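J.: Turn this into a structure:
(one chain, ligands or ions: 1)
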Amino acid sequence: MAKTLRVGMVGYRFMGKAHSNAWRQAPHFFPLKAHIELHTICGREAAGVQAARAQLGWPTASTDWREVVESPLVDIVDICTPNDSHANIAIAAAKAGKHVLCEKPLALNVKQAEAMLAAVQKAKVVHMVCHNYRRVPAIALARKMIGEGAIGEIYHFRARYAQDRLVDPESPLTWKLQSGISGSGAHGDINVHIIDLARYLVGEFKEVSGLMTTFIKERPLTSAGGKRQSQAAKSFEKKGKVTVDDAALFIGRFANGALANLEATRFALGRRNHLELEINGSKGSLCFDLEDMNRLKFFDNASPPDRQGFRDILVTQPNGTHPYVGQWWRAGHLLGYEHTFVHTVADFVNACVEGKPVHPTFEDGLKNQQVLEAVELSVKKGQWVTI
Ligand code: SOE
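T.: Reported below is the predicted structural model:
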């Protein structure tokens, strides 16, 4: 008789919505080794979390994350809150013997990430950071092809994660624009995704050199933002200071000698959620574009000279040919953003039952945090930083 794993989710906005869908869908499409029970959804604001409970289909709502974390009726804690609360919730959950799934970035800084990793290792619980883009089928295929030597020795990893949601100066001072709550801006929010993909597809970073800027220094205060404003902003001015980066770029060298070029911005008008990457090796190249996420472009230098070019692989072949897709539809029927969270949850649940590691673990989260912080130090010092 398969056991039941009961989920307590803290946080209920964008990521809470994506994760709720994933917890609900995973059992219907993936062979899970346990039954999943959505148990409690938690958030600070009673009215907000009650509305989310009804909309997202959770039986119970709470406004006290400690109550959720310590409940004997909860086996998994899923953290979907602003970054400054990840550490406290994860450490308490580990101490209570719960498996922990935590949204990215793992923490505000390396120090917190180290404490989180120590706590989950001591508690011997399963831990994972929700870097969902690793489980885009095209990305998982790229990883497989690289592992099989399809592009040979890697020379270059180039990635850009560009959005435009903050170009409007009237866009309010939300928590993601305040360093005390978010840590950094585009850097920790979206650069962290391509840092994680760089480590997943190429390997560990050795040294980095970064550049950051904040284009809009002040933004309107909002009621929502008001409850979470930094001390400085509570002077009831019409505007509050932006204390994070709007764009973060860095170059780097991997431990294996390959070169890195990463860019994250929330000021690229027209780019709504545009993650693209290209990897160049001695035998070929791979290209991926999240806006066309079911395709992987592959240049195979072994092809006869008269027919060389980037092959356009539609990553939808079932029956074990392409990862994850066979659990959904027939060949050619496309997947979307939400499926990557279902894949993440499915792998996490089975790891919880088997008591095995599932990547990206909190150790991956710590390594990502070390790269984030090395870039920030490089920006501060104006020089290369070795990790
Ligand atoms: C930022 O806008 C954001 O929501 C990130 O926080 C998510 O991790 C990413 O998947 C989509 O963009």
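
J.: now stretch 250-265: mean pLDDT?
T.: Averaged over stretch 250-265, pLDDT sits at 98.

J.: Can you name the residue of the stretch 101-250 of the chain nearest to the ligand?
T.: Residue of the stretch 101-250 of the chain nearest the ligand, by CB to the nearest ligand atom: Asp189 (4.9 Å). Any C-beta I mention is one placed from the backbone N, CA and C, and that applies to glycine too.

J.: Would you mind listing the outside residues contacting stretch 305-324?
T.: Stretch 305-324 is contacted from outside by 135, 137-138, 140-141, 144, 285, 287, 294-301, 303, 325-326, 329-335, 339, 343, using CB atoms under 8 Å, 6 or more residues apart in numbering.

J.: Identify the residues contacting the nearest residue to the residue of the stretch 101-250 of the chain closest to the ligand once chain neighbours are set aside.
T.: Ranked by CB to CB, 6 or more residues apart in numbering and with sequence neighbours excluded, the top spatial neighbour of Asp189 is Lys176, at 6.1 Å. Lys176 makes contacts with 82, 182, 185, 189, 244, as judged by CB under 8 Å, 6+ apart.

J.: now Lys176: how far from Thr265?
T.: Lys176 sits 14 Å away from Thr265, going by CB to CB, to the nearest Å.

J.: same check, this time on Val167
T.: Distance, Val167 to Thr265, by CB to CB: 10 Å.

J.: ok, back up a step: what about the residue of the stretch 101-250 of the chain closest to the ligand, how many neighbours?
T.: 22 (other CB atoms under 10 Å).

J.: cool, the one 5 residues further on as well?
T.: By the criterion of other CB under 10 Å, Ile194 has 22 neighbours.

J.: show me what contacts it?
T.: By CB under 8 Å, 6+ apart, the contact list for Ile194 reads 159-161, 262, 264, 275, 277.

J.: do Ile139 as well
T.: Going by CB under 8 Å, 6+ apart, the list of residues near Ile139 reads 133, 197, 200-201, 288.

J.: Phi, psi for the residue of the chain positioned farthest from its centre please.
T.: Residue farthest from the centre of the chain, counting by CA atoms, centre = their mean, is Asp306 at 40.8 Å. Main-chain dihedrals, Asp306, degrees, to the nearest 10: phi -80, psi 0.

J.: Repeat that for Tyr200.
T.: Torsion angles at Tyr200 (phi, psi; degrees, to the nearest 10) stand at phi -70, psi -40.
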